[in-house]
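Asks: build me a model from this:
(2 chains)
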2 protein chains.
Amino acid sequence: MSTNGQIAPLDASRLTIQRAETLKPIPPPGTYGYGDIKTDHMLVMSFDPETGWSPPEIKPYGPFSIDPASNCLQYCTSTFEGLKASMNPAGKPVLFRPEANMARLSSSAARMALPPFDEAALLACIIKLVALESRWIPTDSGHSLYIRPTMIGTKPSIRVGASDHALLYVIVCPVGPYFPTPPGAILHARSVSLLAVSEHVCSWPGGTGGYKLGLNYSLGFSPQLAAVKLGYDHLLWLLPHGQNEFITEAGAMNFFAVYEKEDGALTVVTPPLDGTILPGITRLSALAEVAARTIQETLTSYPEQLTVSSECRRQLTIAELRAEHAAGTLRECFGVGTAVNVVGIDRIGFTSLNAGESSIKVVDSVKPTTGKGLGVVGRALWDKLLDVKEGRDNVEGWGVVCE
Amino acid sequence: MSTNGQIAPLDASRLTIQRAETLKPIPPPGTYGYGDIKTDHMLVMSFDPETGWSPPEIKPYGPFSIDPASNCLQYCTSTFEGLKASMNPAGKPVLFRPEANMARLSSSAARMALPPFDEAALLACIIKLVALESRWIPTDSGHSLYIRPTMIGTKPSIRVGASDHALLYVIVCPVGPYFPTPPGAILHARSVSLLAVSEHVCSWPGGTGGYKLGLNYSLGFSPQLAAVKLGYDHLLWLLPHGQNEFITEAGAMNFFAVYEKEDGALTVVTPPLDGTILPGITRLSALAEVAARTIQETLTSYPEQLTVSSECRRQLTIAELRAEHAAGTLRECFGVGTAVNVVGIDRIGFTSLNAGESSIKVVDSVKPTTGKGLGVVGRALWDKLLDVKEGRDNVEGWGVVCE
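Replies: Now for the predicted structure:
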């Protein structure tokens, strides 16, 4: 504790950097899985209830020493963020809306009863880390440096309760497309298939789906493996609600559907932030682009001239999706997120994980194209958001350049 | 991998023991918190998808080296068990139904897509650990050696998906009463107050409440802290269901209520295993005792002669509980679990965490006694189960002596 009895805040000016003695070779893009390769350094700081935040340290990547009774291992006090750095055309690393990630991490930490931290100070330290690791940033479009801030509870007691000790750290991984593509493939032509499930439910009103917590993910691993065995890439999570089943998330992505109305206008729909879905930053950005019609120019470059309606945020039932499909008005389904940017959904299966594949129904979601990849709205969002994320466009001021 | 291409099973015969060079002093009972003190040794084994289970090791208690990208830290692949060792009158350590804990750990590991293990082999290793640590077993009644098997996913990748690497370990803590009591207090006279909440929901249909996963606990820490600030010991978790609110769990305990019917018979009620509550081993044992009426003899030693009805397992709404209380027929509420054995609930508050204490309602649940501690059924279960757990009774064969 300091002499005045105050605990120390997270202070970016106290950051120390210990460089790795030897640097790792950088493997060529396409030779590693998403999130498997870590860079040379990591950012680490710890919180002690008596003294507050330790000075942040950038140091060589390596294992932690953790007590077996740690709260994070026993009770899953863990929250994380995901953001990406790309090289802009001027050769500088650029981050996409990182303040939004810092704010969400604060919110998630509070939900886990973990200590608060200074968001601007953490971001300043992350920018230093990204600058130090800039040689790792892939320059191929669609590839980037994935940044993973993580905060865990480290109180070394098995008593069931909040952790008053924490570790906040940031690791960095070069990544390519989240869903693997063959070498030379057009990235936005990759689409995925989803199995809709309601026998497992990933989030619930009054639950934690509105926060980015580690615990929201592992409960999906076993159902996801079962879906992969049935030939799907991932799950479409449903939430039973009376006689309806609300669509919540598409695997770890936010879900969007596009309907074509009688006048040729397109209606974009995505579930609202009711506490059961992650407040995704790519979701928020995609909605802003739809509302502002900034994707209109891209849209009109397509064969069909289309108007985008923006009655976007509302509950979406699986029955409605099936009805729109049956009526021929379901134009696109896609998922959005930091990991994928935007990815087309070309098939949605409806079956029980325990009942085999008897009742699978195929949704050919992308009518104007070949049935694979993104439709016109998804493609316009892919282009627009990737331009901002990769620093070719910064109209909205969303790009933060790491000088 | 072995020469025949098979991966190694968990093999108790390969257990190695490395004793600590110096042993820790054992603090007197009552001087430490529940789960804060760890003994001298721990049991550790790891799973690798290429080679299988490592030989189990008992070695000095100490920190693990864990990759920052480990699946358990990022996505909360963590499952655990809790069981207790006591000294029986012959001076031998005794475990209470440990096979049930091993079976539940298997079930939980499968739900987390963690690798399977041989339950009997793990139990054999645990018995060796308990025997080695037997000097730590408190001899005061109501005190014991708490055993915490834990299994975590250790795949060092941030890709969202199952962990094919795991660490399985067992740590041991001397413990006293879970809810602190003053020195010399009669343990079963301690009761707790609960705040009923429905704005936060700890488990739901299709969720993971039926498994003992770390992730089921941390989502309650922040609401629990808020309840403590309002003067409660813990939470009574409600699950909204149409116009009803089902009672699921009492903090980390299974919940029981006792109603007095017109003929003087007592009806014991507890929520069913519908996937939203933990299949507690103390719960199961309490129900067996009620059904077999083996607690009858204890009951008849009380002033009132009572018959116990056994229509036990059914959904229990908070409205029903309030109605029974209003009618004067709510006789007892208590929680059961490994940590507490049986603990009386003397007050249930109904308020919003955000709305202050305006609508708190007190349930004086224990009519025949002083309004504190356990009622007749809870007390009979306390006596019976503690007799078995502490090795004074083994009629059911539930006690396993560590020779």
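
Asks: near chain B, which residues of the stretch 101-250 of chain A show up?
Replies: A:110-113, A:146, A:148, A:150, A:152-153, A:157-163, A:169, A:171, A:173, A:198-201, A:204-208, A:213-215, A:217-219, A:221-222, A:224-225, A:240 (Cβ under 8 Å from any Cβ of the partner chain). Yep, even glycine has a C-beta here, placed from its N, CA and C like the rest.

Asks: which among those residues end up buried?
Replies: A:111-113, A:146, A:148, A:150, A:152-153, A:157-163, A:169, A:171, A:173, A:198, A:200-201, A:204-208, A:213-215, A:217-219, A:221-222, A:224 (16 or more other Cβ atoms under 10 Å in any protein chain shown).

Asks: out of those, name the ones that lie in strands.
Replies: Cross-referencing those against strands under DSSP state E gives A:146, A:148, A:150, A:152, A:153, A:169, A:171, A:173.

Asks: out of the buried ones among the residues of the stretch 101-250 of chain A next to chain B, name the ones that lie in helices.
Replies: Under the assignment DSSP state H, those contribute A:111, A:215, A:217, A:218, A:221, A:222, A:224 to helices.

Asks: chain neighbours aside, what residue packs nearest to the third one?
Replies: Looking back up the chat, that one is residue A:217. Of all residues not flanking residue A:217 in the chain, residue B:75 sits nearest, at 4.3 Å (Cβ to Cβ, 6 or more residues apart in numbering or on different chains).

Asks: cool, and residue A:239?
Replies: Using Cβ to Cβ, 6+ apart, the closest residue to residue A:239 is residue A:246 (4.5 Å).

Asks: do residue A:151 as well
Replies: Nearest to residue A:151 is residue A:168, by Cβ to Cβ, 6+ apart, at 4.7 Å.

Asks: low-scoring stretches of the stretch 1-150 of chain A, by residue?
Replies: A:1-5 (pLDDT under 70).

Asks: show me where it has its helices.
Replies: Using DSSP state H, counting those that start in this stretch, the helices found in the stretch 1-150 of chain A span residues A:71-75, A:98-111, A:119-132.

Asks: hang on, residue A:237 in a strand?
Replies: Yes - with DSSP: H, G, I helix; E, B strand; the rest coil as the criterion, residue A:237 is part of a strand.

Asks: beta-bridge partners for it, please?
Replies: With DSSP bridges as the criterion, residue A:237 is bridged to residue A:197.

Asks: circling back: pretty sure the residue nearest to residue A:151 sits against residue A:46.
Replies: Yes - Residue A:168 is within contact range of residue A:46, at 7.3 Å (criterion: Cβ atoms under 8 Å).

Asks: show me which of those two is the more surrounded one.
Replies: Each of residue A:168 and residue A:46 has its neighbours counted (other Cβ atoms under 10 Å in any protein chain shown); residue A:168 has more, 25 against 17.

Asks: contacting residues around the more buried one?
Replies: With contact taken as Cβ atoms under 8 Å, 6 or more residues apart in numbering or on different chains, residue A:168 is in contact with A:10, A:44, A:45, A:46, A:47, A:117, A:122, A:149, A:150, A:151.

Asks: who wins for most neighbours among these?
Replies: residue A:151 (28 neighbours).

Asks: and chain A, what are its domains?
Replies: What automatic domain parsing lists as the domains of chain A is A:12-176, A:192-389.

Asks: can you put those in TSV and add distance to residue B:384?
Replies: Listed next are the domains of chain A as TSV, based on distance: least, Cβ to Cβ, whole Å:
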stretch	distance to residue B:384
domain A:12-176	25
domain A:192-389	36
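
Asks: ramachandran angles for the nearest residue to residue A:93 once chain neighbours are set aside?
Replies: Excluding the flanking residues, the one nearest residue A:93 by Cβ to Cβ, 6+ apart is residue A:402, at 4.2 Å. Main-chain torsions, residue A:402, degrees, to the nearest 10: phi -90, psi 100.

Asks: identify the residues contacting residue A:402.
Replies: Contacts of residue A:402 (Cβ under 8 Å, 6+ apart): A:85, A:92, A:93, A:94, A:95, A:127, A:130, A:131, A:134.

Asks: so the third one is in contact with residue A:85, correct?
Replies: Yes - between residue A:93 and residue A:85 there is a contact under Cβ under 8 Å: 4.6 Å.

Asks: for the residue nearest to residue A:151, give me the pLDDT.
Replies: Listed pLDDT for residue A:168 reads 98.

Asks: residue A:364 too?
Replies: We have a pLDDT of 46 for residue A:364.

Asks: picking that back up, going by distance to residue B:264, which of the ones in strands among the buried ones among the residues of the stretch 101-250 of chain A next to chain B wins?
Replies: residue A:153 (49.4 Å; Cβ to Cβ).

Asks: can you tell me how far that closest one is from residue A:49?
Replies: Computed with Cβ to Cβ, to the nearest Å, the distance linking residue A:153 and residue A:49 is 12 Å.

Asks: which neighbours do those two share?
Replies: residue A:165.

Asks: re the thing from before, and the strand or helix carrying the residue nearest to residue A:239, what does it pack onto?
Replies: Under the criterion of DSSP states H and E, residue A:246 resides in strand A:244-250. Applying 3 or more Cβ pairs under 8 Å, 6 or more residues apart in numbering or on different chains; DSSP states H and E, we find strand A:244-250 packed against strand A:234-241, strand A:253-260, helix A:318-326.

Asks: hmm, who's touching the second one?
Replies: Contacts with strand A:253-260, where a contact means Cβ under 8 Å, 6+ apart, come from A:236, A:247-249, A:266-271, A:277-278, A:280, A:282-283, A:286, A:316, A:321, A:324, A:329-337, A:339-340, A:343, A:367, A:375, A:377-378.

Asks: same check on the longest one?
Replies: Applying Cβ under 8 Å, 6+ apart, the external contacts of helix A:318-326 come out as A:196, A:236, A:238, A:244-247, A:257, A:259, A:330, A:333, A:348, A:350, A:361, A:363, A:365.

Asks: the residues you listed, buried ones only, as a PyMOL selection?
Replies: The following PyMOL line selects those of these that are buried, judged by 16+ other Cβ under 10 Å:
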select buried, chain A and resi 196+236+238+245+246+247+257+259+330+333+348+350+363+365
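
Asks: among the contacts of helix A:318-326, which two are most distant?
Replies: Farthest-apart pair in the contacts of helix A:318-326 is A:244 and A:365; separation 20.8 Å (Cβ to Cβ).

Asks: can you verify my assumption that residue A:7 contacts residue A:50?
Replies: Yes - with contact defined as Cβ under 8 Å, residue A:7 and residue A:50 form a contacting pair (7.2 Å).

Asks: more neighbours: which of the two?
Replies: Using other Cβ under 10 Å, the more surrounded residue of residue A:7 and residue A:50 is residue A:7, with 14 against 8.

Asks: the more buried one: what's its closest spatial neighbour, skipping adjacent residues?
Replies: That would be residue A:52: by Cβ to Cβ, 6+ apart, it lies 3.0 Å from residue A:7.

Asks: so how far is residue A:105 from that neighbour?
Replies: For residue A:52 relative to residue A:105 (Cβ to Cβ), the value is 18 Å.

Asks: neighbour count for the two, which is higher?
Replies: Just comparing residue A:52 and residue A:105: by other Cβ under 10 Å the higher neighbour count belongs to residue A:105, 24 against 18.

Asks: residues in contact with that one?
Replies: Contacts of residue A:105 (Cβ under 8 Å, 6+ apart): A:79, A:80, A:81, A:119, A:122, A:149, A:151, A:212.

Asks: closest to chain B out of those residues?
Replies: residue A:80 (6.1 Å; Cβ to the nearest Cβ).

Asks: surely that closest one meets residue A:146?
Replies: No - between residue A:80 and residue A:146 there is no contact under Cβ under 8 Å: 11.4 Å.
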